[in-house]
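A.B. asks: What would the 3D arrangement of this be:
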Amino acid sequence: MELGAFSVSLAVKDIKASRAFYEKLGFSVFHGDEAHNYLILRNGTHVIGLFQGMFEKNIMTFNPGWDQDCNTLPDFADVRKLQSHFKAQGLKVEPECDPEGAGPGSCMLQDPDGNTILIDQHV
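C.D. replies: Below is the predicted model of the structure:
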């Protein structure tokens, strides 16, 4: 089951310092707004998000419906279908998205070590 584009969302303390650091590694900003405390950076096909004050821990993020360039895919597994699959596998999904909804939605899981996985559909 395809989960969509992958990125790591980093909980940063100082977005300006983090931006400067990752730019030295070859990343460049392609989306976001530093004034709103978030930036999305890219280095080739690698994507990271810098988020100041939005969450406590780093998060692995999957975007159903998008490729790594944020282009909408013609065919993809909707977040609600993924959520249903995870629950059928006995995984705890919290919070859940509305199973009757359509379009954008999100849900979250925790792996056995407490790492957060966000399934965040924008289309």
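A.B. asks: Farthest from the middle of the protein: give me that residue.
C.D. replies: Lys24 (22.9 Å; CA atoms, centre = their mean).
A.B. asks: Which pLDDT value goes with that one?
C.D. replies: Here, the pLDDT recorded for Lys24 equals 98.
A.B. asks: Same question for Arg80.
C.D. replies: The model reports Arg80 with a pLDDT of 98.
A.B. asks: Wait, a strand at it?
C.D. replies: No. Note on Arg80: no strand contains this position according to DSSP: H, G, I helix; E, B strand; the rest coil, which reports helix.
A.B. asks: Could you report the neighbour count for Gln52?
C.D. replies: 18 (other CB atoms under 10 Å). Quick note: C-beta positions are derived from backbone N, CA and C, even for glycine.
A.B. asks: Could you measure from it over to Asp75?
C.D. replies: 35 Å (CB to CB, to the nearest Å).
A.B. asks: Can you tell me the SS state at the one residue sitting closest to the centre of the chain?
C.D. replies: Compute the mean C-alpha point of the chain, and by CA atoms, centre = their mean the closest residue is Thr61, 2.7 Å away. Under three-state DSSP, the three-state class of Thr61 is strand.
A.B. asks: Contact partners for it?
C.D. replies: Phe6, Ser7, Val8, Ser9, Gly49, Ile117, Leu118, Asp120 (CB atoms under 8 Å, 6 or more residues apart in numbering).
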